[in-house]
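Chemist: What follows is a predicted structure for the sequence shown.
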Amino acid sequence: MKIYLDLLPKQRKTELKRKKMFQNILREEFLFLLPVILFIVILLNIYYLLSIQRDSSIAAKSLAESQDKYQELSSYEEKFKQVNAGASKLLKIQAGHFYWAEIFNKLGVAVPEGVFIANFSTKDFNIFLVGKAKNRDMLLSFKDRLEKDDCFANINVPLSNLVVKDDIDFQMDFLINQGCLKKQ
């Protein structure tokens, strides 16, 4: 058997009791707060993971939207290329187009009264005319008018056409300046 002697003063005893009780309370509070703190840490980790996942899903969504916009832009770009290709083909065709109306107008002005053109044919830039003139002077006047115009060159009237004086069946050939055919 043990005997305990109480040699401490009463004030000191109460102080020790309080200290021991305070330590017990602190230990119990710590034990109570430990699961709460662990729970908060777990919640913070879950929040962090969810925010990372949310950011990645937002990035994936914006990437998908930008991919859709890129595909839309690429389809528009393809359409523009097709339209531009068609326009360039049209411009090439227009660049190679010959405007015969101006030549016909000049030829119509150059033909004097009394000269009739019965046949008109072309090969490359050569024109072949077959017609009828009332007399030789009208045919020569027609030839002179064509020679004065810059659009016509190398005017050739065979001498056999000039032998007859009246009611001449003539043939004539000449070159057309390419610049006159290109102008509108």
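Modeler: Good, I have the coordinates.
Chemist: And this protein, split by domain according to the record?
Modeler: 12-96, 100-182 (automatic domain parsing).
Chemist: Minimum distance to residue 5: which of those has it?
Modeler: Closest of the domains of the chain to residue 5 is domain 12-96, at 12.8 Å (criterion: C-beta to C-beta). The way it works is simple: take the backbone N, C-alpha and C, and place the C-beta from them, glycine included.
Chemist: which of the domains of the chain has the lowest average pLDDT?
Modeler: Mean pLDDT is lowest for domain 100-182 out of the domains of the chain, coming in at a mean of 84.
Chemist: Of the domains of the chain, which stretch is the most buried?
Modeler: domain 100-182 (a mean of 15; mean count of other C-beta atoms under 10 Å).
Chemist: Distance to residue 2 for the domains of the chain - can I get that in CSV?
Modeler: CSV is the format used below for these (distance: least, C-beta to C-beta, whole Å):
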stretch, distance to residue 2
domain 12-96, 19
domain 100-182, 132
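Chemist: Report the next helix or strand after the longest helix along the chain in sequence order.
Modeler: Among the segments of the chain that qualify as a helix by DSSP state H, the longest is helix 10-95. Note on helix 10-95: by DSSP states H and E, the next helix or strand toward the C-terminus is helix 100-110.
Chemist: same for that following helix, what does it pack against?
Modeler: Helices and strands touching helix 100-110, as assessed by 3 or more C-beta pairs under 8 Å, 6 or more residues apart in numbering; DSSP states H and E, comprise helix 136-148, helix 178-182.
Chemist: make it 10 Å
Modeler: strand 115-123, strand 126-135, helix 136-148, strand 152-156, strand 166-176, helix 178-182 (3 or more C-beta pairs under 10 Å, 6 or more residues apart in numbering; DSSP states H and E).
Chemist: who wins for proximity to residue 19 among those?
Modeler: helix 178-182 (114.5 Å).
Chemist: Now do the closest one: which elements does it pack against?
Modeler: helix 100-110.
Chemist: Could I have the CA atoms of the helix it packs on written out in PDB?
Modeler: Output in PDB follows, covering the C-alpha atoms of helix 100-110 (Å, rounded to 0.1, in the frame of the first residue of the first chain):
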ATOM      1  CA  TRP A 100     -15.400  43.000-133.900                       C
ATOM      2  CA  ALA A 101     -18.100  45.600-133.600                       C
ATOM      3  CA  GLU A 102     -15.600  48.500-133.900                       C
ATOM      4  CA  ILE A 103     -14.100  46.900-137.000                       C
ATOM      5  CA  PHE A 104     -17.500  46.500-138.600                       C
ATOM      6  CA  ASN A 105     -18.300  50.200-137.800                       C
ATOM      7  CA  LYS A 106     -15.100  51.400-139.300                       C
ATOM      8  CA  LEU A 107     -15.600  49.100-142.300                       C
ATOM      9  CA  GLY A 108     -19.200  50.400-142.700                       C
ATOM     10  CA  VAL A 109     -17.900  54.000-142.600                       C
ATOM     11  CA  ALA A 110     -15.200  53.200-145.100                       C
END
